[in-house]
Structure formats: C-alpha cells, structure tokens
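Asker: Quick one, structure for this:
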Amino acid sequence: MSNFVFVLDTNKQMLNPVHPGEARCLLSQGKAAVFRRYPFTIILKQEAESEIKPLQLKIDPGSKTTGLAILNGSKVVWAAELTHRGQAIRNALLSRSQLRRGRRNRKTRYRAPRFLNRTRAEGWLAPSLMHRVKTTLTWVNRLCRYAPIAGISQELVRFDTQVIQNPEISGTEYQQGTLAGYEVREYLLEKWGRKCAYCKAENTPLQIEHIQPRSKGGSDRVSNLTLACEPCNKAKSNLPVQEFLSGKSDLLKRILAQAKAPLKDAAAVNSTRWALFKALKETGLPVSTGSGGQTKYNRTRLNLPKTHWLDAACVGMVNRLEILTTQPLLIKATGHGTRKMCGTDKYGFPFRHRSRVQIHKGFQTGDIIVANVTAGKKIGSYLGRVLCRASASFDIATKMGKVAGISHKYCKSIHKRDGYAYGL
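Answerer: The predicted model follows:
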C-alpha cells in the first residue's frame, strides 16, 4: 500500500494524514483538490474539525541515501528514501578546479602558493558533505508544513574506521594506526615487496598508483594505493583494476585481497552527524537520538528487512511497529542545473553556449509532466521529468527510459521543478 496522504484545511492548516482510499473519495466527490503531487497533499474545500494527533518524524542519515519515516504512535503512515548527490558535487568541484588550474598555467606566470590567507568558519564542512545536511533539513521543513509533526528522532551513529578494517585491532596497534613509524612511500615499498604490483618488475623506478582511480570514486587512503612501474601505470591509466586485469583473475584476486575497501561513506556520516543534529535542533522541535546498535536490535527483533526507510522507523525506543505503507516515496536530489554559460570539453576548451532562456512554452527542464500523445509514431501516455528545447520538441525521462521528440502541445505540467526527481 502507498503512503498516507497529507491533508490541509481551507486555511492551509495541517490535519491528520488520511488513507489513500479516503483521499480518493474526497477528490472524486469534489470535497478536496490536489494541493501538491510530491509529497501528495490535498486541500479541503470546506471547513472540517478533527482532533490533531501529533506525529513523530524519524531519520536514518546515510552517505548516499537517507531514510525518512513518519509515525502515528506505533503506526508507520509515511516513508521515503532520499538519495543525495554528494559525489556529483565533488566531481563538479574537482572538474572546476582542474580547469582553472590549467587555465592559470597557460595564461599567467608562475605564482607561489599562499596558505596563510585562507580561513574557514568553525564547523566548516565540504560542499558535498554540507549538501547531505541541507537536503535532509529541506525535507524535514517541507514535511513539517504538511503534517503535524511534534518531534524528531535521529540515528546518531559513529563508525570506527579502524575497527571496520580490522575487527581484532586493540591496544598499542589501535592507538598508533597503520602508518606508525613509516612514510607513505616506505610503507608501500614494504607492503608490496618493492615490486610492481602488476608485472612484478624489480630494480626499476616505481610510481604510487591508485587501485581504484580517483576519477572513478577512489580515495587517497593508503589502503587504495599500490606501486607500479611507469609502463603499467600508463597502461592502466584511470581504468578500474577489475577492467585492467580482466584476463588475469589470480593477480586481480591477490591485489584486491591485499587492498581494502574505501571508507568514505563511513567518514561522511561521521563528519555530518553533529551538523545535522544541530540543524534539526534549530527547527524548534524536540530532537531525540538513538544509536545504530539500537536501530539494528529493533529491526532484528521485529523481523523487518534491511531498508533505509524501515531503519528510520526503528530509530530510538520502539516497542512494536504497524507498517501501514509498503511503498515509500523515492526522492533523488538532482540539483537546479548549472550556472555555467559556456560548456567545456574534458580539456577545458569551450564547445557550446548555454541559452539565457530557460522556459519554453511554459515548461522548464526538470518539470514533471504527463503527455498524452494522440497522433504520430509515439502514441501513448508518458509520465516523467521533461528536458525542454527551444524547438518545443521535448524529451521525457520515464520509468521505461527516455522518450524523445514529444511536442509541447501534448504536455501538461503536474509538478514544477524543485531540484528533485521522484519515483515509487
């Protein structure tokens, strides 16, 4: 069953969410109208009196996906999974810095770097991390406008990255860490036997190489570094190690066994947990916290599957749960486009110009529309995000794939763009 429907009275004041069947009856009888599609909200056309029951919003923060759940007592009446775009922001900032650095090198004399004229505010977070906090807070404020939420529960969890890598670590080894007494290059020489990891070449200059390329999401952790001779390093370039060693399964298995998985997701949660907690406190609602172990205990005790929204429902003190929804709203942060007026290729040279006009025939890229095509080769009904063009021939991204060449005459907007894509 889908989520309960949010209800507003004629004065746009919040009422209790209602069952989807009851919402359909109100709409079919003309007693209510659709106020908003995502999250689905209706507004009554006549005054109604009902007892307002306070709801609890529960949050399971994650690096890539955050779970949201609204509870009416022990009943889960609404749920969602919010997918962040932190990696896309990181890639965009990295591309910008590389293009600027290349342009400076080409057009200006060398200038020594200056490090004493940069200051950051206390509690500063990288943009890709702050995005996770702000998108979560955006949806908390949005839900508080459409539902009578009286409190917030957040899973406040801290990951111990050393224990994740080595569960048996203890004592002096835990205190000193991996690189105790070593420099990075010396450590890698000892770890990889002073040989090229790929061709076993010895007595040749070795270069530090990323097993999982940084351009493909790899980190600079020492566990993601290896040694390679210059020919192997050039041949691998930015290929994933699985692709580079696709015909050498034994060598691939040995290298992956010696390396370790990146811990950037755990680090992102560690970095943002207190920033999110402080932001939630500023909403004025009472905020309670629960540990990750408590969440897992509740989920296991209630025999629930491992999903982000069910984890959110299990945050904090839970005696029992009645799941009244099984179809959470899938929310994906897509951003509001780009402000670049000139697009560049991978070398930093311009190859396209962005038009200043963004609205075409009343539609804008990112709007969610329904198109009922009655003539031509693409007869049918399509629902999804629209990609607008000045020619008024649009593309629609549906669940089944992209449909190109749909005239604006068949399109009807049902939700204006707000920086998110939605699904069920």
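Asker: Only C-alpha atoms from now on, for both contacts and neighbour counts.
Answerer: Noted.
Asker: What are the boundaries of the strands in the stretch 101-250 of the chain?
Answerer: Secondary structure of the stretch 101-250 of the chain (DSSP state E, counting those that start in this stretch): strands at 149-155, 206-210, 225-229.
Asker: where in the stretch 1-150 of the chain is pLDDT low?
Answerer: The stretch 1-150 of the chain contains no residues with pLDDT under 70.
Asker: try 90
Answerer: For the stretch 1-150 of the chain, residues meeting the criterion pLDDT under 90 lie at 1-2, 46-52, 87, 91-92, 94-123.
Asker: So for stretch 154-164, what gets flagged as buried?
Answerer: By 16 or more other CA atoms under 10 Å, the buried positions in stretch 154-164 come out as 154-157, 162.
Asker: all helices for this structure, in order.
Answerer: 20-28, 86-107, 127-146, 161-165, 171-176, 184-191, 230-236, 241-244, 249-258, 264-281, 292-301, 308-313 (DSSP state H).
Asker: Show me the contact partners of the second one.
Answerer: Residues outside helix 86-107 that contact it (CA atoms under 8 Å, 6 or more residues apart in numbering): 64, 127-129, 131-132, 217, 347-348.
Asker: which of these count as buried?
Answerer: Buried members of those, scored by 16+ other CA under 10 Å, are 128-129, 131-132.
Asker: Distance of the closest residue to residue 299 other than its chain neighbours relative to residue 78?
Answerer: Distances taken as CA to CA, 6 or more residues apart in numbering place residue 314 nearest to residue 299, at 6.0 Å, with adjacent residues excluded. Distance, residue 314 to residue 78, by CA to CA, to the nearest Å: 14 Å.
Asker: And these two? Which one has more around it.
Answerer: Neighbour count, other CA atoms under 10 Å: between residue 314 and residue 78, residue 314 has more, with 30 against 27.
Asker: Hmm, residue 298 and that one touching each other?
Answerer: Yes - using CA atoms under 8 Å, residue 314 makes contact with residue 298 at a distance of 5.7 Å.
Asker: For stretch 213-220, buried residues please.
Answerer: The neighbour-count check on stretch 213-220 (16+ other CA under 10 Å) flags 213, 218-219 as buried.
Asker: what does the average pLDDT come to for it?
Answerer: In this model, stretch 213-220 has a mean pLDDT of 83.
Asker: show me the residues around residue 219 that make contact.
Answerer: By CA under 8 Å, 6+ apart, the residues touching residue 219 are 210, 212-213, 262, 264.
Asker: give me that answer again for 7 Å
Answerer: Residue 219 sits next to residue 262 when contact means CA atoms under 7 Å, 6 or more residues apart in numbering.
Asker: Residue numbering should commence at 624 henceforth.
Answerer: All right, first residue 624 from here; so that's residue 842.
Asker: Could I get the phi/psi values of it?
Answerer: Main-chain dihedrals, residue 842, degrees, to the nearest 10: phi -110, psi 170.
Asker: now swap in residue 843 and tell me
Answerer: When read as degrees, to the nearest 10, the backbone of residue 843 gives phi -90, psi 10.
Asker: Please tell me how far it sits from residue 988.
Answerer: 37 Å.
Asker: Next: residue 1044.
Answerer: Distance of residue 1044 to residue 988, computed by CA to CA: 12 Å.
Asker: Likewise for residue 773?
Answerer: Separation of residue 773 from residue 988 (CA to CA): 36 Å.
Asker: Pick out whichever of these two has more residues nearby.
Answerer: Neighbour count, other CA under 10 Å: between residue 773 and residue 988, residue 988 has more, with 20 against 15.
Asker: Count residues in the vicinity of residue 703, would you?
Answerer: Neighbour tally, residue 703, other CA under 10 Å: 23.
Asker: Let me fix that, I meant to ask about residue 915.
Answerer: The number of residues packed near residue 915 is 18, by other CA under 10 Å.
Asker: I'd assumed residue 782 was in contact with it.
Answerer: No - assessed by CA atoms under 7 Å, residue 915 is found out of contact with residue 782, at 9.4 Å.
Asker: and residue 964, what does it touch?
Answerer: Residue 964 makes contact with 976-977, according to CA under 7 Å, 6+ apart.
Asker: Next one: it, what pLDDT does it get?
Answerer: Note for residue 964: predicted pLDDT of 79.
Asker: Could you do the one 3 residues further on as well?
Answerer: Looking at residue 967, its pLDDT is 81.
Asker: Quickly list what the closest residue to residue 632 other than its chain neighbours is bridged to.
Answerer: Leaving aside its chain neighbours, residue 632 sits nearest to residue 667 (5.0 Å; criterion: CA to CA, 6+ apart). Beta-bridge pairing for residue 667 (DSSP bridges): residue 655.
Asker: Let me see the domain layout of this protein.
Answerer: Split into domains by automatic domain parsing, the chain comes to 628-667, 678-709+748-783+907-956, 798-881, 977-1041.
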